[in-house]
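>>> Generate a structure from the sequence data that follows.
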Amino acid sequence: MPYPILSLDAPAPELLRSRQGRCALAIMAKAPRAGKVKTRLSPPLTLEESAALNIAFLQDTAENLAAVAAEGHAACLIAYTPSGDESAFDDLLPPDFALVPQRGDGFGERLLRAAQDILALGFFSVCLIDSDSPTVPQIAFEQAVDELALPGDRLVLGPSDDGGYYLIGLKYAHPEPFSRIDWSTPAVFTQTCARARTAGLELVQLPRWYDVDDAATLATLESELLDGLRPPFAQLDGYAAPHTRALLLARKPVPV
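Sure, this is the predicted structure:
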């Protein structure tokens, strides 16, 4: 099933009217093609296995967000790249999702443009969410929506254990949190907080979680979903991530 594409050029007014005034929960995602996504997981996975795991991550994150949106205060999107590869998402997502194309070159520019475009479509606020953290506790997303519904301007950040973040949420597309950031380094979260303070934004921090992007964090994911062990830094149980868990179970060696 193809999903509707929202843009300022083709805004789909009836669809947008049902979403306006809500918080947009937007997953930042590449089209899940082998050799294009999660390549740092190969090895230990093959490129095909890495792409399959990326699909499971998308499905679990989307279903987690859909449950939050069902409470009536949020709507779900995929901010995708590359343009023209929309069909890669067909039948992967819950039925109420829509697609928004990413714009820009560097990662910071793509995040800023996504925030600008989504807010310009009439959403009250936006959370940009990574596609690498399938077990983020649902309560973290609920807290982000609730914080952005309060009066006053603020920036909501979900810190990752590697020094980045899994979610950034705002009501206005302030450029400061996306500029002069050393992306893909352990300094991202700290620098983003500093830029937000420079802009005079109140900071709200969500529960710490983790990205799965290499063999070590894949092992953390396996411990969480297969052995029931919380990550060492976690104060909450994570989301059950059934699609991801099923894939991990399928590749786990059978005891003899």
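>>> can we go C-alpha only for contacts and neighbour counts from here?
OK.
>>> What number of residues are in the vicinity of Ala29?
Using other CA atoms under 10 Å, Ala29 is surrounded by 21 other residues.
>>> Give me the distance between it and Ser18.
Separation of Ala29 from Ser18 (CA to CA, to the nearest Å): 24 Å.
>>> what's the nearest residue to Thr220 if we skip its chain neighbours?
Sequence neighbours aside, Pro231 is the residue nearest to Thr220 in space, at 6.6 Å (criterion: CA to CA, 6 or more residues apart in numbering).
>>> From what I see, the one you found and Glu222 are in contact.
No. In this structure Pro231 lies outside contact range of Glu222 using CA atoms under 8 Å: 10.3 Å.
>>> per-residue confidence at the residue nearest to Thr220?
The per-residue pLDDT reported for Pro231 equals 94.
>>> Same question for Ala10.
Reported pLDDT for Ala10: 66.
>>> Also the one 5 residues further on?
If you check Leu15, the pLDDT there is 66.
>>> Phi and psi next, for the residue nearest to Thr220.
Here is the backbone geometry of Pro231 (degrees, to the nearest 10): phi -60, psi 150.
>>> in the stretch 151-256 of the chain, what spans have low per-residue confidence?
Scanning the stretch 151-256 of the chain with the threshold set as pLDDT under 70 gives 253-256.
>>> where exactly do the strands run in it?
154-159, 165-170, 202-205 (DSSP state E, counting those that start in this stretch).
>>> before we move on, what about the stretch 1-150 of the chain?
23-30, 74-81, 98-101, 125-129.
>>> by contact count, what packs against the third one?
Read it as strand 98-101. strand 74-81 (3 or more CA pairs under 8 Å, 6 or more residues apart in numbering; DSSP states H and E).
>>> Run me through the strand neighbours of the strand it packs on, direction for each.
Sheet pairing for strand 74-81, assigned by DSSP bridges, gives strand 23-30 (parallel), strand 98-101 (parallel).
>>> CA atoms only for the shortest one, dumped as CSV, please.
Coordinates of each C-alpha in strand 98-101 appear next as CSV, following Å, rounded to 0.1, in the frame of the first residue of the first chain:
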residue,chain,number,x,y,z
ALA,A,98,2.2,9.8,5.6
LEU,A,99,5.5,10.6,3.9
VAL,A,100,7.4,13.9,3.8
PRO,A,101,10.5,14.2,1.5
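>>> contacting residues around that strand?
Applying CA atoms under 8 Å, 6 or more residues apart in numbering, the contact partners of strand 98-101 are 3-7, 76-83, 86, 118.
>>> So which of those residues sits lowest on pLDDT?
Of all these, Ser7 carries the smallest pLDDT score, 79.
>>> Now do the longest helix along the chain: everything it contacts.
Longest helix in the chain, counting residues (DSSP state H): helix 47-69. Applying CA under 8 Å, 6+ apart, the external contacts of helix 47-69 come out as 25, 27, 32-39, 41-42, 74-76, 92-94, 96, 131-135, 138, 141-142, 239, 241-244, 247.
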